[in-house]
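Colleague: need the 3D shape of this:
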Amino acid sequence: MSILDWGVLGLTLALIIIYGIYRSRGSNSMDDYLLAGNSLPWYHVCLSVMATQASAVTFLSAPGQGFSDGMRFVQFYFGLPLAMVVLSITFVPIFHRLKVYTAYEFLEGRFDRRVRSLTAILFLISRGLSTGISIYAPAIILSTILGWNIYWTNLLMGGIVLIYTVSGGTKAISYTHLQQMTIVTGAMAVAGYMTVHLMPEGVGFGDALQVAGKAGRMNLIDLKFDPNSRYNLWSGLIGGFFLQLSYFGTDQSQVGRYLTGQSIGQSRLGLLMNGMLKVPMQFLILLVGVLVFVFYQFRESPVFFNTIETDKLKLSQYAPDYNLLESKHQLLTTERQKQVLNLQSALKSDNDPGIEVARTQLLAADAAIKTNRGEVVKLIVKNNPAADTNDTNYVFLRFVLDYLPHGLIGLLIAVIFSASMGSIAAAYNSLASTTIVDIYKRSFRPGASDGHYLAASRWATAGWGVFCIVVAQFANRMGNMIEAVNILGSLFYGVILGIFVVAFYFKNIGGKATFLAALIGEALVVVSWQLELTAFLWLNVIGCLLVVGLAWGIQQFTGKPTVGSE
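Modeller: Okay, the predicted model is just below:
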């Protein structure tokens, strides 16, 4: 990166942090610190919800997902708009009417302290682990750009966010989210434009989409019902609906965002607008990854996008073997360029036989490149058994650093940093609020002063920050980060959602039955995942249905609950 890039990066991040702290001055009560005084309008709620979900994982891994697997991941979000409607009708008015700090306070009034504490603990585990991955994502950038040790970059990235999260609380987070999403939207649009602009002469946007389609990357909709397929229309609509309903309805990192709304109407409008905007946004981010894939069809791509590992190979005893494989890669990419030009020519002349021949040869060239790349990965593992062999997280970053003009590089790196800061800050805040409100205040120090709980919230924020940084040190073993985050969520969200479904809709089921059903259901979900009985999205459906079914069955066996006895 040039001095200009560093200047753009530093100035952007400094403005976000300073503005957030400035606008949140005066947060001197627990209500201000955790709920921003219920003072924010719908557009703040909408952008804050989006920014919390759209971490650096989104802007690093999603383009890499589009590059390697095409557009089918967008089906993951098809259940989101439906979930927003259900939340606006049910969850939002209940939470606002009860004036709760966290989603889990409601559960004690409906059930008992055990159910509230168990649900809070399930959330703390899932969100703490996922936040570690969110810290690791931007740390990759610093590590790649500067050649720093990834462990130090994890510490730096996680520590920066703690500055304004501990000092300003929810209000600081919401105001920084407003800036972050504005910058993110503009910069990603520019990145998409630049990707097309850098294509060879005569290759426009339409041409790029045609090439992507013939290469199997425009796989938007899969109508086949297959429980073992990770991404199809049905897993997105059904499994995605349950995941998004649980995430936005029961995950405190999201509930805490729309509890800041001025009214029920403002919170509802913010959620509904999020449902309308999120799918198009994710579509465009994946499309950027697909366009990067097409770009590399016309140019030589790196044999492995994580240059940290290839640089280690060049200095190792395996350097001669690596050099041979890299030379072979150059020959194979030259052949791929030839075939993609043949494909483009056949497409322009509507030569159907020529299209099919060129497409077949292009796919064969891609397969040969993947085989050769597999040999490089084997060398990387020989040289460093602990190496991160999944380089999809590095694809977009490598493209940005190698081909985009200076200044824009700094802006896009700032986008990834600011997106990460937004989601990490919201996670820190939600972890702290759940710890203090649902565990510390309820079970350890009831009746203390507001000042005491405010100080405890700051300490809890710092403590969870340390925990998440520790988790980040192991995140390189989890593969593609955007999938890892959603797999982690799917292990817990279905069970948590099931608890809330019972609470809202099954008034004849008590706390004891719900508590036992949640424990058994969580164990069965983990077993299902370990045995790979189904694709991970369906774990959300399984977990929810297990809790509801088991709770009903246990309640029938034990008899009608007695009010106050549980």
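Colleague: can we go C-alpha only for contacts and neighbour counts from here?
Modeller: Will do.
Colleague: dump the residue contacts of the closest residue to residue 283 other than its chain neighbours.
Modeller: Spatially, and ignoring its direct neighbours in sequence, residue 283 is nearest to residue 74 (5.9 Å; CA to CA, 6 or more residues apart in numbering). Taking CA atoms under 8 Å, 6 or more residues apart in numbering, we find residue 74 in contact with 220, 279, 282, 283, 286.
Colleague: residue 74 in helix, strand or coil?
Modeller: Following DSSP: H, G, I helix; E, B strand; the rest coil, residue 74 is assigned to helix.
Colleague: the chain should start at 6 in everything you say after this.
Modeller: Sounds good: first residue 6 from here, last item residue 79.
Colleague: from residue 433, how far out is it?
Modeller: 27 Å (CA to CA, to the nearest Å).
Colleague: next helix or strand past the worst-scoring helix or strand of the chain on mean pLDDT?
Modeller: Averaged element by element with mean pLDDT, DSSP states H and E, the chain has its least confident helix or strand at helix 35-40 (a mean of 53). The helix or strand immediately downstream of helix 35-40 is helix 47-58, counting by DSSP states H and E.
Colleague: show me what that following helix packs onto, helices and strands only.
Modeller: helix 155-202, helix 257-263, helix 269-303, helix 413-439 (3 or more CA pairs under 8 Å, 6 or more residues apart in numbering; DSSP states H and E).
Colleague: residue 559 and residue 518 touch, don't they?
Modeller: Yes - using CA atoms under 8 Å, residue 559 is in contact with residue 518, at 5.5 Å.
Colleague: of the two, who's got more company?
Modeller: Using other CA atoms under 10 Å as the criterion, residue 559 and residue 518 rank with residue 518 on top: 25 against 17.
Colleague: residue ranges in the stretch 156-305 of the chain under the pLDDT threshold?
Modeller: 168-185 (pLDDT under 70).
Colleague: recalculate using a threshold of 90.
Modeller: Within the stretch 156-305 of the chain, the ranges that satisfy pLDDT under 90 run 156-291, 302-305.
Colleague: hang on, residue 235 is in a strand, isn't it?
Modeller: No - counting by three-state DSSP, residue 235 is located in no strand; its state is coil.
Colleague: now it. Nearest residue, chain neighbours left out?
Modeller: In space, residue 235 is closest to residue 540, 5.1 Å off (CA to CA, 6+ apart).
Colleague: and the one you found, how far from residue 8?
Modeller: Distance of residue 540 to residue 8, given as CA to CA: 46 Å.
Colleague: now residue 128
Modeller: Taken as CA to CA, the span from residue 128 to residue 8 is 42 Å.
Colleague: these two: which is more packed in?
Modeller: residue 128 (25 against 11).
Colleague: what about the more buried one, which helix or strand?
Modeller: Since the elements are taken from DSSP H and E, residue 128 ends up inside helix 118-151.
Colleague: pretty sure residue 232 sits in a helix.
Modeller: No - counting by three-state DSSP, residue 232 is not found in a helix; it is coil.
Colleague: and it, how many neighbours does it have?
Modeller: As a measure of burial, residue 232 has 17 neighbours, counting by other CA under 10 Å.
Colleague: ok, now which ones touch it?
Modeller: Per CA under 8 Å, 6+ apart, neighbours of residue 232: 240, 539, 540, 543.
Colleague: got the contact list for residue 45?
Modeller: Neighbours of residue 45 in contact, by CA under 8 Å, 6+ apart: 265, 266, 267.
Colleague: residue 364 too?
Modeller: 219, 220, 344, 345, 348 are the contacts of residue 364 under CA under 8 Å, 6+ apart.
Colleague: can I get those residues in CSV including distance to residue 423, neighbour count and secondary structure?
Modeller: CSV is the format used below for those (distance: CA to CA, whole Å; neighbours: other CA atoms under 10 Å; DSSP: H, G, I helix; E, B strand; the rest coil):
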residue, distance to residue 423, neighbour count, secondary structure
219, 35, 19, helix
220, 33, 20, coil
344, 40, 23, helix
345, 37, 23, helix
348, 40, 24, helix
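Colleague: could I get the residues you listed as a markdown table with distance to residue 135?
Modeller: A markdown table is the format used below for these (distance: CA to CA, whole Å):
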| residue | distance to residue 135 |
| --- | --- |
| 219 | 36 |
| 220 | 33 |
| 344 | 42 |
| 345 | 39 |
| 348 | 42 |
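Colleague: quick one: which of those is nearest residue 526?
Modeller: residue 220 (41.5 Å; CA to CA).
Colleague: the closest one reaches residue 368, doesn't it?
Modeller: Yes - between residue 220 and residue 368 a contact is recorded at 6.8 Å, counting by CA under 8 Å.
Colleague: circling back: quick one, what contacts the residue nearest to residue 235?
Modeller: Applying CA under 8 Å, 6+ apart to residue 540 gives the contacts 232, 233, 234, 235.
Colleague: against residue 490, how distant is the last one?
Modeller: By that I understand residue 235. 14 Å.
Colleague: try the first one
Modeller: Residue 232 is 20 Å from residue 490, where distance means CA to CA.
Colleague: the third one now?
Modeller: Using CA to CA, one gets 18 Å for the distance from residue 234 to residue 490.
Colleague: those two - which one has more neighbours?
Modeller: Shown here are residue 234 and residue 490; by other CA under 10 Å, residue 490 has more neighbours (20 against 16).
Colleague: in terms of contact, does residue 138 touch residue 490 like I think?
Modeller: Yes - counting by CA under 8 Å, residue 138 does reach residue 490; the two are 7.1 Å apart.
Colleague: now do the shared contacts for these two.
Modeller: Common contact partners of residue 138 and residue 490 (CA under 8 Å, 6+ apart): none.
Colleague: who touches the residue lying closest to residue 241 once chain neighbours are set aside in this structure?
Modeller: The shortest distance from residue 241 to any non-neighbouring residue, by CA to CA, 6+ apart, is to residue 81 (4.3 Å). By CA under 8 Å, 6+ apart, the contact set of residue 81 is 236, 237, 240, 241, 242, 245.
Colleague: what helix or strand is residue 309 located in?
Modeller: Here residue 309 is assigned to no helix or strand, by DSSP H and E.
Colleague: same check, this time on residue 540
Modeller: Going by DSSP H and E, residue 540 is not part of any helix or strand.
Colleague: please report how far residue 275 lies from residue 535.
Modeller: Relative to residue 535, and taking CA to CA, residue 275 is found at 37 Å.
Colleague: more crowded one of these two?
Modeller: residue 275 (26 against 10).
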